[in-house]
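Next one to model:
(chains A and B)
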Amino acid sequence: MNLVFTHHPLHHTLNGVGIAAMSTQLNASLWQPKRKPVFDMMEEKKPTYLFCTLQDITPIILDAVEEYRVRIVLFENGIPTTLSNIGQPFLLCYGDDISEIALKNLDSSKSIQISKAANYAQYKNGKANNQDKSDVFYLSQQHVERSPFAIDILNTAIKSGYQFKSVGDHPLPLPQYLGKANIYSIGNLIASAKVCIDFNGHSVYDIAVNNSVAISTFRTPFFESFTTVEEFKERLDKLVRSPKLVRKLSKVAKPVVLEKHTYYHRLKDIGHFINEQEIVDMCNLVLERIVHD
Amino acid sequence: MIKFGFLIKSLGTSQHSLFLISQMNAICDLRADLDVLLFYEHYNNIPILPYVGMLQQREVWGFDAPVCATDFSSAQKLVNCPRPRPKYYYVWDLEWIYMDGVSYEDYKKVFHNDDLTLIARSKEHADIITRCWKEPKYIIPDFDKDKFLELMVKQ
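Coordinates of the predicted model:
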């Protein structure tokens, strides 16, 4: 079975699931439509499944899908445009029946929700080091400038006098924003931070697997959430000043995430949904290793 | 003869090159036993005539004397040069705030490089650099000739 995932670095769910598939023994690959023409890719990879977003569906893709008999697993482009819009990415599977008419009449009952998960667990855990250390770290992966609340939160963190660092794909107009970073550096930065800020659960699971603690607007059983600036400030002060509490919380969080919230779990759910036992089995193999490690 | 050099990306009209050239000219007026070199990447319209030697930046590779980079692009090159010792990076501008296409890893290779001694332009800059990267060892305002001379001659 050949799996091909279209490459969307900012579509965290599709990207996460794609990279998870590539790191199992499944025959999976990422495809950049701008770099490789559709028919070339189809000829070379002969995909059984093409994992893509609605944006990727063009008339050429539809022709190629029909000719090569590819099944499509469709991801809604669920990147929230604003922070107030807490839309989770959404998975739709339409099997063989993919045509322009079918696309216009998507049946939402044939779908499951795929939420974000721990991405960096697929590579390695971050290692705390002196160069990357900070009191407060923020992984900038969304347009916070559109949300006054998020700006207030970041302002509060910066003005509190703690050492604040941020990296990520969305640049912030701050001296504390240190550029885009690769997955290894992000892991190290998270692991070296006392506390990490998270909005809408974007990186809360990654923070947990990297042995740090998140203050998030997203509710998890293991980290405290906040809804107001005052709450945030109170929790930030409490956590930064108490390394013991940070260690205690991260010790609880990591096993829960590795047991339930990695992209292997999400891929396994997709495997169940599309009735592909091979995907489920491969994910189980990796998950066994992760839990035992 | 005491020799040292400065790296600059562009000699074109800017506060950066104006300050650097005018201060280096002033240093050469002070003493006759100094051999100061400016290593440039782009030779544009120079704001004032330099009285110091000028060479293409690639020549710094074998220059066996103290060298100070004055912008991030030059500092990236300086860290890979085997001969200059010691190496300084005068952080004229907080370039990571607005530079596109440079990653955290690239900045880290320069700012956390053990061979490179950071010099800040002001106390405020030094505070920001310390919080984001590492603590600058010296603070020298606007290429101050006396402080630079003291630093370079000390080697």
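
from here on, contacts and neighbour counts on C-alpha atoms
Fine.

in what helix or strand does residue A:169 lie?
Residue A:169 is part of no helix or strand when elements are defined by DSSP states H and E.

What's the separation between it and residue B:117?
Remark: distance between residue A:169 and residue B:117 (Cα to Cα, to the nearest Å) = 29 Å.

the more surrounded of the two?
The residue with more neighbours, out of residue A:169 and residue B:117, is residue B:117; 20 against 16, by other Cα atoms under 10 Å in any protein chain shown.

does that one count as helix, strand or coil?
At residue B:117 the chain is in strand, as set by DSSP: H, G, I helix; E, B strand; the rest coil.

beta partners of it?
Beta-bridge pairing of residue B:117 under DSSP bridges involves residue B:88.

what number of residues lie near residue 130?
No chain specified, so I'll use chain A. 10.

my question was about chain B
When neighbours are counted by other Cα under 10 Å, residue B:130 registers 15.

Report the spatially closest residue to it, excluding sequence-adjacent ones.
residue B:136 (6.8 Å; Cα to Cα, 6 or more residues apart in numbering or on different chains).

Can you classify the one you found as helix, strand or coil?
Secondary structure for residue B:136, judged by three-state DSSP, is coil.

which residues touch it?
Contacts were defined as Cα atoms under 8 Å, 6 or more residues apart in numbering or on different chains; by that measure residue B:136 touches B:117, B:118, B:119, B:120, B:126, B:129, B:130.

quick one, helices of chain B?
Using DSSP state H, the helices assigned to chain B run over residues B:15-30, B:72-78, B:104-111, B:123-132, B:145-153.

which of the ones you listed is buried the deepest?
Across the helices of chain B, averaging neighbours per residue (mean count of other Cα atoms under 10 Å in any protein chain shown) puts helix B:72-78 on top, at a mean of 21.

Show me what it is packed up against.
strand B:2-10, helix B:104-111 (3 or more Cα pairs under 8 Å, 6 or more residues apart in numbering or on different chains; DSSP states H and E).

Buried residues of the strand or helix carrying residue A:44, list them for me.
Element membership of residue A:44, judged by DSSP H and E, is helix A:38-45. Neighbour-count burial for helix A:38-45, counted by 16 or more other Cα atoms under 10 Å in any protein chain shown, picks out A:38, A:39, A:41, A:42, A:45.

what does stretch A:169-184 give?
A:169, A:170, A:171, A:172, A:175, A:176, A:177, A:178, A:179, A:180, A:181, A:184.

Return the closest of those with respect to residue A:241.
residue A:176 (21.0 Å; Cα to Cα).

Report the beta-bridge partners for the nearest residue to that closest one once chain neighbours are set aside.
In this structure, residue A:176 finds its nearest non-sequential neighbour in residue A:165, 5.1 Å apart by Cα to Cα, 6+ apart. Counting by DSSP bridges, residue A:165 forms beta bridges with residue A:137.

Can you name the residues of the stretch 101-250 of chain A that neighbour chain B?
Proximity of the stretch 101-250 of chain A to chain B, by Cα under 8 Å from any Cα of the partner chain, involves residues A:131, A:163-165, A:167, A:173-182, A:185.

again, 7 Å this time
Within the stretch 101-250 of chain A, the positions near chain B by Cα under 7 Å from any Cα of the partner chain are A:163, A:165, A:173, A:174, A:175, A:176, A:177, A:178, A:179, A:180, A:181.

ok so, going back, I'd like the contacts of residue B:136 as a markdown table, with pLDDT appended.
Shown next, in a markdown table, are the contacts of residue B:136 (pLDDT from 0 to 100):
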| residue | pLDDT |
| --- | --- |
| B:117 | 96 |
| B:118 | 97 |
| B:119 | 97 |
| B:120 | 97 |
| B:126 | 96 |
| B:129 | 96 |
| B:130 | 95 |
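
With distance to residue B:151 added, can I get the residues you listed in JSON lines?
Output for the contacts of residue B:136, formatted as JSON lines (distance: Cα to Cα, whole Å):
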{"residue": "B:117", "distance to residue B:151": "12"}
{"residue": "B:118", "distance to residue B:151": "12"}
{"residue": "B:119", "distance to residue B:151": "11"}
{"residue": "B:120", "distance to residue B:151": "13"}
{"residue": "B:126", "distance to residue B:151": "18"}
{"residue": "B:129", "distance to residue B:151": "20"}
{"residue": "B:130", "distance to residue B:151": "21"}
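
Next secondary structure after the helix holding residue A:44?
Helices and strands here follow DSSP H and E; after helix A:38-45, the next one along the chain is strand A:49-53.

For the following helix or strand past that following strand, list every residue counted as buried.
Remark: after strand A:49-53, the chain's next helix or strand is helix A:59-68, criterion DSSP H and E. Across helix A:59-68, burial judged by 16+ other Cα under 10 Å covers A:61, A:64, A:65.

Please identify which of the residues you listed is nearest to residue B:106.
Set against residue B:106, the nearest of the buried residues of helix A:59-68 by Cα to Cα is residue A:61 (38.1 Å).

Without its sequence neighbours, what residue ends up closest to the closest one?
residue A:38 is the one closest to residue A:61 (Cα to Cα, 6+ apart), at 6.5 Å.

For residue B:101, give me phi and psi.
Main-chain dihedrals, residue B:101, degrees, to the nearest 10: phi 80, psi 10.

Can you give me the neighbour number for it?
Around residue B:101 there are 9 residues (other Cα under 10 Å).

Ok, which of the helices of chain B comes nearest residue B:8?
helix B:72-78 (6.2 Å).

from the chain's centre, how far out does that closest one sit?
9 Å (Cα atoms, centre = their mean, to the nearest Å).

re the thing from before, which member of the residues of the stretch 101-250 of chain A next to chain B is positioned nearest residue B:24?
Among these, and counting by Cα to Cα, the member closest to residue B:24 is residue A:175, at 29.6 Å.

In contact with that closest one, which residues?
Each residue near residue A:175 by Cα atoms under 7 Å, 6 or more residues apart in numbering or on different chains is listed here: residue B:97.

What strand or helix carries it?
Residue A:175 belongs to no helix or strand, assigned by DSSP H and E.

what's near enough to touch residue A:179?
A:167, A:168, A:171, B:96, B:102, B:103, B:104.

Using CSV, lay out the residues you listed together with distance to residue A:190.
Below are the contacts of residue A:179 laid out as CSV (distance: Cα to Cα, whole Å):
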residue, distance to residue A:190
A:167, 10
A:168, 12
A:171, 18
B:96, 20
B:102, 20
B:103, 17
B:104, 14
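
In which helix or strand does the residue in the stretch 1-150 of chain A that chain B sits nearest to reside?
Residue of the stretch 1-150 of chain A nearest chain B, by Cα to the nearest Cα: residue A:131 (7.1 Å). Using DSSP H and E, residue A:131 sits in no helix or strand.
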